[in-house]
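> 3D model of this:
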Amino acid sequence: MRTLAIGLAAIALLAGCGGSSPSQPAGSIQVAMTEYKFDPSTITAPHGKVTFWLVDSGSVAHDLVIRDSSGNRLAASELVSAGDSAAFTVNDIAAGTYSFFCDQSGHEALGMKGTLTVT
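The predicted structure is shown next:
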């Protein structure tokens, strides 16, 4: 009987948690990720703190990595599972032109890349 009571309490707690997917943060830039492209693939953002709202509309996990003109990685998002969304914040990005790509094996070569212009 005690096990049943604990189980029911756990279910009640879990039901109270979540139940809704996270929502896009105000002021963020939405980027859809599918096989094998970003939409949009050309992004303009203000310098400083930039938040991207990554939406994986594909059937496999994707991420977004930003690199400078020398090929140095500046920032990388977490891996976003198919059907999930995540906020990716870059705290201090200077004005300039950057590339971005998906770091999963073969995705960039298949066309999953783009250009980020920071003004």
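> what values do phi and psi take at residue 50?
Backbone geometry at residue 50, expressed as degrees, to the nearest 10, gives phi -130, psi 130.
> the strands in this protein, which residues?
29-34, 37-39, 42-45, 48-56, 65-67, 73-76, 85-93, 96-101, 113-118 (DSSP state E).
> got CSV for those, with distance to residue 22, mean pLDDT and mean neighbour count too?
Every residue, glycine included, has its C-beta placed from N, CA and C. Formatted as CSV, the strands of the chain follow (distance: least, Cβ to Cβ, whole Å; pLDDT from 0 to 100; neighbours: other Cβ atoms under 10 Å):
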stretch, distance to residue 22, mean pLDDT, mean neighbour count
strand 29-34, 13, 98, 18
strand 37-39, 20, 98, 17
strand 42-45, 21, 98, 14
strand 48-56, 9, 98, 18
strand 65-67, 21, 98, 19
strand 73-76, 19, 98, 15
strand 85-93, 6, 97, 16
strand 96-101, 21, 98, 17
strand 113-118, 23, 98, 18
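> measure the residue lying closest to residue 48 once chain neighbours are set aside to residue 50 for me?
Among residues not flanking residue 48 along the chain, residue 92 sits closest, at 6.4 Å (Cβ to Cβ, 6 or more residues apart in numbering). Going from residue 92 to residue 50 by Cβ to Cβ, to the nearest Å gives 9 Å.
> circling back to that earlier point, now the residue nearest to residue 48: how far from residue 72?
Residue 92 sits 15 Å away from residue 72, going by Cβ to Cβ.
> from the centroid of this structure, which residue is nearest?
The residue lying closest to the centre of the chain (Cα atoms, centre = their mean) is residue 54, at 3.2 Å.
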